[in-house]
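1. model the following, please.
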Amino acid sequence: MKTISYVDEPISRDNLEKIEQLLKFDETNFVRLTKLCNLDRATDFQNLDLTDVDFSNCDLRGYNFSGADLRGAVGVNVIWEIGDPILDNADTSDSLFTHELEQHKYFREHPSDLALVNRLSTDYWANTIIRIDDLLRSTGDKSRSATIARAVFGKHKDPSARSNILLFMRSAVQNSEAHKNFISNILAGSWNNPEISLSGLSAMIAAYGHSRETFNWLLKYLGHPDKKIQKTVFFALLRSSKFPSAFKEIRSYVKNCDDSVMRRAFVGRSTEIVSEDAKSALYNFRDRVFFDFTEILNQSLLIETWSPKEFARFIELTEPGTTKPIDRRHLINRNKSMEEILEAERIREAKLARLEEAFLKRRLDAICEFGQRTELFLKYDTGSKRVELGRYDGLLTYSN
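-> Now for the predicted structure:
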């Protein structure tokens, strides 16, 4: 629930100092920010808009989030338990809290199923997965079977049991919201287990790739130390329709990326939010890839790699017939001298050179626009100096 209040009183000096201190604070840890602002976790977080907040590496015990809007909240390594923090009348849908709260409610109402979960969670892993597989394949209550399977997944300590349960769940779960919340719960607790994390991420991307909560989890896992997870997450973020909303964060990641394929893919996706001209200008038509923003461009490379079809259209619109070869036999038949034929060819080649120069400038202008819009400035070697395209209004800045 969002709360908005309007006041006419000026901001006090103390509050101005706190705001300035907060703006200079580099960390994003929720608990540390609470302490920095001298906020009371028991009273100052009720009825607030906390949508999509990141609670990673936080101990939330002692907070009171009564009436707060916590939709889409994410976080790994979060310490909390049922009843602490207080979540009375809070909207926790699609958040890291959803799965555990729903599980707790179900097993409070079905104690016999909780007893079954406890037995299966301590059994030998092979026996556990056989029993879970039977439950999920049964023609009985599918919702009950899925709830028990999710609970066993959370409690069982054997990685083989957990991996197999997750595999079985992909094809057996009927309730998509419950399944999505279950995967969110996996991602909240499996940061230090890359194999489980990757399974959870792959399942979420495949089933709910365009949802807001999936996008939030992908952003969180973009910083994971495992390279395979990073790559999986990165390409899913590029495919997402929400890519523009996190452009700066993804750009910050890819600037430090040592994978040329990922850098080229980022350039290609970024051109889609700039212009069609930028998309064509940044594409290497010779090699059929987008330019890597770390490579050095030059005049020859840009001419060799532009679109022949676009250049032909440009010529036809600018000076129709310029590219047609001289018909020497026709000229000779008209009693044209060799000097006249050579002069006609010289004029045609001069026109082509001017058109190439104009088309090259158009391509450079589009790459400059890309740099201005994305702050990814491709370097261009003019022969006498190296400049960054788009740093200002054209080819203005030397690259150190």
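
2. from here on, contacts and neighbour counts on C-alpha atoms
-> Will do.

3. low-confidence stretches in this structure?
-> Residue ranges of the chain with pLDDT under 70: 1-26, 170-175, 319-338, 340-345, 347-348, 392-400.

4. what ranges do the strands span in it?
-> In the chain, the strands defined using DSSP state E lie at 283-284, 289-290, 296-298, 379-381, 386-389, 395-398.

5. just those: most buried one?
-> Of all these, strand 386-389 has the most neighbours on average by mean count of other C-alpha atoms under 10 Å, namely a mean of 23.

6. before we move on, the earlier item: now render the strands of the chain as JSON lines, adding distance to Ala312.
-> Below are the strands of the chain laid out as JSON lines (distance: least, C-alpha to C-alpha, whole Å):
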{"stretch": "strand 283-284", "distance to Ala312": "17"}
{"stretch": "strand 289-290", "distance to Ala312": "21"}
{"stretch": "strand 296-298", "distance to Ala312": "21"}
{"stretch": "strand 379-381", "distance to Ala312": "24"}
{"stretch": "strand 386-389", "distance to Ala312": "25"}
{"stretch": "strand 395-398", "distance to Ala312": "26"}
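
7. those strands: which one's closest to Tyr221?
-> Comparison of these against Tyr221 by C-alpha to C-alpha identifies strand 289-290 as nearest, at 25.8 Å.

8. residues near Gly371, how many?
-> Using other C-alpha atoms under 10 Å, Gly371 has 23 other residues around it.

9. give me the phi and psi angles of the residue nearest to Asn89 when sequence neighbours are not counted.
-> Of all residues not flanking Asn89 in the chain, Gly67 sits nearest, at 4.8 Å (C-alpha to C-alpha, 6 or more residues apart in numbering). Note on Gly67: backbone dihedrals following degrees, to the nearest 10 are phi 70, psi 0.

10. look up how far Arg41 lies from Gly67.
-> 14 Å (C-alpha to C-alpha, to the nearest Å).

11. now Ala149
-> Taking C-alpha to C-alpha, one finds Ala149 at 35 Å from Arg41.

12. now Ile273
-> 41 Å.

13. enumerate every residue touching the nearest residue to Trp217 once chain neighbours are set aside.
-> Using C-alpha to C-alpha, 6+ apart and skipping the chain neighbours, the partner closest in space to Trp217 is Val74 (6.8 Å). Counting by C-alpha atoms under 8 Å, 6 or more residues apart in numbering, Val74 makes contact with Asp52, Val53, Asp54, Phe55, Ser56, Ser95, Leu96, Ala188, Asn216, Trp217.

14. please name the residues that touch the last one.
-> Think Trp217. Here Trp217 is in contact with Val74, Ser184, Leu187 (C-alpha under 8 Å, 6+ apart).

15. just the ones in helices from these, please.
-> Among the contacts of Trp217, the members found in helices (DSSP state H) are Ser184, Leu187.

16. and the longest helix for the protein?
-> The chain, longest helix under DSSP H: helix 338-374.

17. for Arg346, find the nearest of the strands of the chain.
-> strand 296-298 (25.9 Å).

18. quick check: the gap between Phe291 and Ala115.
-> Distance, Phe291 to Ala115, by C-alpha to C-alpha: 59 Å.
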